[in-house]
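Trainee: need a structure here:
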Amino acid sequence: METVTLGLNGPSVPPIGIGTWAWGDTLFWGYGKDYDATVLQAAFNTALELGVNFFDTAEIYGFGESERLLGQFMQQTDRPVFIATKYFPLPWRFNGDAVAEALTASLKRLKLPTVTLYQVHWPFDFFMGQQTLLSALADEVQQGRIQAVGVSNYSAPQLRQAHQILAGRGIPLAVNQVQYSLLARQIEKNGVLQAARELNVTILAYSPLAQGLLTGKYSIENYKTPIGARKLDPRFSRSGLEKLAPLTQLLQSIAKKYDRTPAQVALNWLMAQGNVVPIPGAKNAEQVRQNAGAIGWSMEPSEVAQLAEASTSI
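Mentor: Presented below is the predicted three-dimensional model:
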């Protein structure tokens, strides 16, 4: 399988990963009701079989349960697995020792001596400051407990600052994990994507299917009153779906041409942007298979441009 290098000379991972926010999360995703650890292990095993062995988690996902599940699953395979996790800059984490302690706890849950990628979950620094925070991460790289450093949800100026601080320690900034999809293209306008390209920072794209809006599941033809968190998103309303219809129809048309699904086309569009790794969520083996179907083929450049134009006004 083709691979993508994270940042400048960082780890090489598949061109698509799996987001595991829903793994063990009972508050938002309802873990333990419609799906459980057995279902997630089947998803994990299927991902490895398909070569999608890059998983993104965080210490706050399920209050550590996502990491624990991944650690449990990894104990049952000899295949290589790449893990990205995240440090959450809580207000009471005052100094660099807090970074080391949080990393130690994550590694314990993951049952790993080192992690592929360790990211700052949000650009908050409260009393610690970016210099102290990133220097602590640089220390961990030098000690071998982190292979690459990343950030998440950083603006263009914040990204440049983080890159500069790490460069002072001789360590490249590998990634900025941000929301990016055909329906969330703010990073193209606010300087984040341009800064990432200038600095050789890879974009990890979370919510690449816009909570399912780009899968073809939601349309005027099969409209149902949204439930759960989607009730709060006007894009899932009847008028929102009407506005989305031209893009949905284009996704379906291109999907038919390549014998793919609209979701696979939407993920492939992100990969076509260059140095962008989408990390869609997957709660079961079938969703993993769907995600993996975005790999191994390419659209015509004109089709990539058509999708960009169709989503611009939404």
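
Trainee: give me the low-pLDDT residue ranges for this protein?
Mentor: 227-229 (pLDDT under 70).

Trainee: Start from the N-terminal end of it and give the helices.
Mentor: Along the chain, counting by DSSP state H, helices occupy 37-49, 65-74, 96-110, 130-143, 156-167, 192-199, 238-258, 262-271, 285-292, 301-312.

Trainee: Of these, which is nearest Y206?
Mentor: helix 262-271 (10.9 Å; C-beta to C-beta). Every C-beta, even on glycine, is put in place using the N, C-alpha and C of the backbone.

Trainee: Just the C-alphas of that closest one, formatted as PDB.
Mentor: C-alpha atoms of helix 262-271 as PDB (Å, rounded to 0.1, in the frame of the first residue of the first chain):
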ATOM      1  CA  PRO A 262     -20.100   8.800  -2.200                       C
ATOM      2  CA  ALA A 263     -18.200   8.500   1.100                       C
ATOM      3  CA  GLN A 264     -15.200   7.000  -0.700                       C
ATOM      4  CA  VAL A 265     -15.200   9.800  -3.200                       C
ATOM      5  CA  ALA A 266     -15.300  12.400  -0.500                       C
ATOM      6  CA  LEU A 267     -12.400  10.800   1.300                       C
ATOM      7  CA  ASN A 268     -10.500  10.400  -1.900                       C
ATOM      8  CA  TRP A 269     -11.000  14.100  -2.600                       C
ATOM      9  CA  LEU A 270      -9.200  15.000   0.600                       C
ATOM     10  CA  MET A 271      -6.300  12.700  -0.200                       C
END
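
Trainee: Just want the angle from it to helix 238-258.
Mentor: Taking axes from the mean of the first three to the mean of the last three C-alpha atoms, to 10 degrees, one finds helix 262-271 and helix 238-258 inclined to each other by 80 degrees.

Trainee: ok so, going back, and the helices of the chain, which is most packed in?
Mentor: Looking across those with neighbours counted as mean count of other C-beta atoms under 10 Å, the highest average goes to helix 262-271: a mean of 25.

Trainee: Using CSV, lay out the helices of the chain together with distance to G7.
Mentor: Converted to CSV, those look like this (distance: least, C-beta to C-beta, whole Å):
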stretch, distance to G7
helix 37-49, 23
helix 65-74, 22
helix 96-110, 19
helix 130-143, 12
helix 156-167, 10
helix 192-199, 9
helix 238-258, 30
helix 262-271, 17
helix 285-292, 23
helix 301-312, 24
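
Trainee: what's the closest of those helices to F55?
Mentor: Short answer: helix 65-74, nearest of the helices of the chain by C-beta to C-beta, at 6.0 Å.

Trainee: before we move on, the earlier item: show me the one of the helices of the chain that comes nearest V178.
Mentor: Each of the helices of the chain was scored for nearness to V178 using C-beta to C-beta, and the closest is helix 192-199 (6.2 Å).

Trainee: now for the closest one, which elements pack on it?
Mentor: When contacts are defined as 3 or more C-beta pairs under 8 Å, 6 or more residues apart in numbering; DSSP states H and E, helix 192-199 packs onto helix 156-167, strand 173-179, strand 202-206.

Trainee: and that helix, how far from the chain's centre?
Mentor: From the chain centre to the centre of helix 192-199 is a distance of 17 Å (C-alpha atoms, centre = their mean, to the nearest Å).

Trainee: same question, stretch 146-161
Mentor: Counting by C-alpha atoms, centre = their mean, stretch 146-161 is centred 14 Å from the centre of its parent chain.

Trainee: And that stretch, end to end?
Mentor: End-to-end distance for stretch 146-161: 20 Å, by C-alpha to C-alpha, to the nearest Å.

Trainee: need the helices and strands packed on helix 192-199 in CSV with distance to G144, can you?
Mentor: Below are those laid out as CSV (distance: least, C-beta to C-beta, whole Å):
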stretch, distance to G144
helix 156-167, 17
strand 173-179, 16
strand 202-206, 21
